[in-house]
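Engineer: need a structure here:
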Amino acid sequence: MGQHTDTDRLPSAVLWDMDGTLVDTEPYWIATEFELAERHGGTWTQEHALSLVGNDLLESGRYIRTHMGIDLAPEVIVEELLDGVVARVQREIPWRPGARELLSGLNDAGVPCALVTMSYRRLVAPVLEQLSGAGFSAVVTGDSVSRGKPHPEPYQRAAQLLGVKPQDCVAIEDSDTGATSAVAAGCTVLCVPHHVPVQPGERRVLRTSLVGVDLPALGRLLAP
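Structural biologist: Take a look at the predicted model:
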């Protein structure tokens, strides 16, 4: 992490997406979706899979039911997907470059962090267990909100839990769906696209990696 001084403006909090941002679990989701299709006699494509990146899980379950052509309730689809992804995460967590280093630096500087993910708590738990002391002051999961991304509720909830204003926060996202949610809540968003493109827009700053991102750089993202 770079050095910072008392005159540097720091975010009141940093709000992190998980899948594709903190950990590269999108390939796990996609592989599990194809297994689901094979198990239940459905059809699936890479294009369909990528269209779900960042989405609320129940919305994804409805999409899969329709486009995969399987006769399962969306809630059942979500649970079967979680079974497969959790099993993979328990074997190996694929961290995104620079993510743990940035999170650790924020913790050391006393900048509160929240995890804001559409994954459910049972997938988040094994990831949090592996963070070795660097972690989150609040966690918002897809099964703890009534409206998921791209609605602003997840990021609004995270800011509320931390006692900060969304306008004073930086969100870190890898998908257009997630960036839309964060901007709608009032955050400035550091977008690090990975599996899907993120469109440029107001209060969106695009980077290719979190490697080398430090506290002053995050502070400079906020409007004066």
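Engineer: Does V170 lie in a helix or a strand, and which?
Structural biologist: strand 169-173 (DSSP states H and E).
Engineer: helices or strands next to the next helix or strand after that strand in the packing?
Structural biologist: Later in the chain than strand 169-173, the nearest helix or strand by DSSP H and E is helix 176-185. Helix 176-185 sits against helix 153-162, strand 169-173, strand 188-191, with contacts defined as 3 or more Cβ pairs under 8 Å, 6 or more residues apart in numbering; DSSP states H and E. The way it works is simple: take the backbone N, C-alpha and C, and place the C-beta from them, glycine included.
Engineer: returning to what we had before: angle of the strand holding V170 against helix 176-185?
Structural biologist: Going by axes from the mean of the first three to the mean of the last three Cα atoms, to 10 degrees, strand 169-173 is angled at 170 degrees with respect to helix 176-185.
Engineer: Each with direction, which strands does strand 169-173 pair with?
Structural biologist: If you go by DSSP bridges, strand 169-173 pairs up with strand 13-16 (parallel), strand 188-191 (parallel).
Engineer: Please report how far the closest residue to T180 other than its chain neighbours lies from T45.
Structural biologist: Spatial nearest neighbour of T180, chain neighbours left out: P150 (4.0 Å); criterion: Cβ to Cβ, 6 or more residues apart in numbering. P150 is 22 Å from T45, where distance means Cβ to Cβ, to the nearest Å.
Engineer: Those two: which has the busier surroundings?
Structural biologist: For P150 and T45, the more surrounded residue by other Cβ atoms under 10 Å is P150, and the numbers stand at 20 against 13.
Engineer: what about the more buried one, is that helix, strand or coil?
Structural biologist: coil (DSSP: H, G, I helix; E, B strand; the rest coil).
Engineer: Distance check, it against A185.
Structural biologist: In terms of Cβ to Cβ, P150 sits 10 Å off from A185.
Engineer: quick one, what contacts V76?
Structural biologist: V76 sits next to G61 when contact means Cβ atoms under 8 Å, 6 or more residues apart in numbering.
Engineer: That one and L221, how far apart?
Structural biologist: Taking Cβ to Cβ, one finds V76 at 41 Å from L221.
Engineer: quick check: mean pLDDT across the longest helix seen in the chain?
Structural biologist: Criterion DSSP state H: the longest helix present in the chain is helix 74-91. Mean pLDDT, helix 74-91: 96.
Engineer: any idea which helix or strand comes after it?
Structural biologist: helix 99-109.
Engineer: in the sheet, who's paired with the closest residue to L190 other than its chain neighbours?
Structural biologist: Leaving aside its chain neighbours, L190 sits nearest to I172 (4.9 Å; criterion: Cβ to Cβ, 6+ apart). In this structure, I172 bridges to W16, L190 when assessed by DSSP bridges.
Engineer: burial of I172, as a residue count?
Structural biologist: 29.
Engineer: so where's this structure shaky on pLDDT?
Structural biologist: Applying pLDDT under 70 to the chain flags residues 1-8, 132-133, 223-224.
Engineer: Spatially central residue in it, please.
Structural biologist: D17 (2.1 Å; Cα atoms, centre = their mean).
Engineer: That one against D176, yeah?
Structural biologist: No: here D17 does not reach D176: they are 11.8 Å apart, not a contact under Cβ atoms under 8 Å.
Engineer: can you list residues touching both of the two?
Structural biologist: By Cβ under 8 Å, 6+ apart, the residues touching both D17 and D176 are G54.
Engineer: show me the contacts for L218.
Structural biologist: Residues in contact with L218 (Cβ under 8 Å, 6+ apart) are 10-11, 14, 170, 190.
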